[in-house]
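K.L.:
The sequence and its predicted three-dimensional model are supplied below.
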Amino acid sequence: MARRAVVSQGRHRPRRSFHEWGAAIEALGALVITRCTLLVVPFRWVAVRLGQPMALTGPTLTARQNESAGRVEWALAAAASRLPWTSTCFVRAIAATVMLRRRGVPSTIYLGVATQAGGTALDAHAWVRCGTRIVTGAAEACRYEVIATFASGPPAAK
């Protein structure tokens, strides 16, 4: 079924389906709940629920899982842009993992660090990969050295 394009300020963009907007509403809730949780719950309690520590999920997804991952990627970006605050990469990564887990899509959260200019301070970043797709934090991920991973789903074969 072909999607009809919507013209907005000279740009063509596809119409979003009911399922996509439902995922955006879910993402909005996931971002709010995750942010509130991280404000009051110690990280060590959150970490045990992120997945298997220092493990990775495999590089392949089924067509349905890949479609779900794309929908989650879009939904989180759409929801985060509509919140009155900035959702950090860590909040987005946890929200993505929760949403992907609900859909049966294996994913890996990566936590990384990089030295800031001048070498006096560290900068941190979090991103999520499922299959070969980076769902959140893709633009900055290549600059960071991975220090921890959490696999949500079956770990990759060694």
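P.N.:
Alright, I've got the coordinates. Numbering: from 1, shown residues only.
K.L.:
for the chain, what spans make up the strands?
P.N.:
Assigned by DSSP state E, the chain shows strands spanning 5-8, 11-14, 52-53, 107-115, 122-130, 133-136, 145-152.
K.L.:
Could you export these as CSV, including mean pLDDT and mean neighbour count?
P.N.:
No exception for glycine: its C-beta is placed from N, CA and C like everyone else's. Conversion of those to CSV gives the following (pLDDT from 0 to 100; neighbours: other Cβ atoms under 10 Å):
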stretch, mean pLDDT, mean neighbour count
strand 5-8, 48, 10
strand 11-14, 64, 10
strand 52-53, 95, 13
strand 107-115, 94, 20
strand 122-130, 94, 21
strand 133-136, 96, 22
strand 145-152, 95, 17
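K.L.:
tell me the mean pLDDT for the longest helix along the chain?
P.N.:
Longest helix in the chain, counting residues (DSSP state H): helix 18-40. Averaged across helix 18-40, pLDDT comes to 93.
K.L.:
Can you pull out the residues in contact with it?
P.N.:
16, 46, 71-72, 74-76, 78-80, 82-83, 85, 87, 90-92, 94-95, 98-99 (Cβ atoms under 8 Å, 6 or more residues apart in numbering).
K.L.:
List the ones among those that fall in helices.
P.N.:
Reading helices off the contacts of helix 18-40 with DSSP H, I get 46, 71-72, 74-76, 78-80, 90-92, 94-95, 98-99.
K.L.:
before we move on, back to that, tell me which residues in the longest helix of the chain are buried?
P.N.:
Within helix 18-40, the residues that count as buried by 16 or more other Cβ atoms under 10 Å are 23-24, 26-28, 30-32, 34-35.
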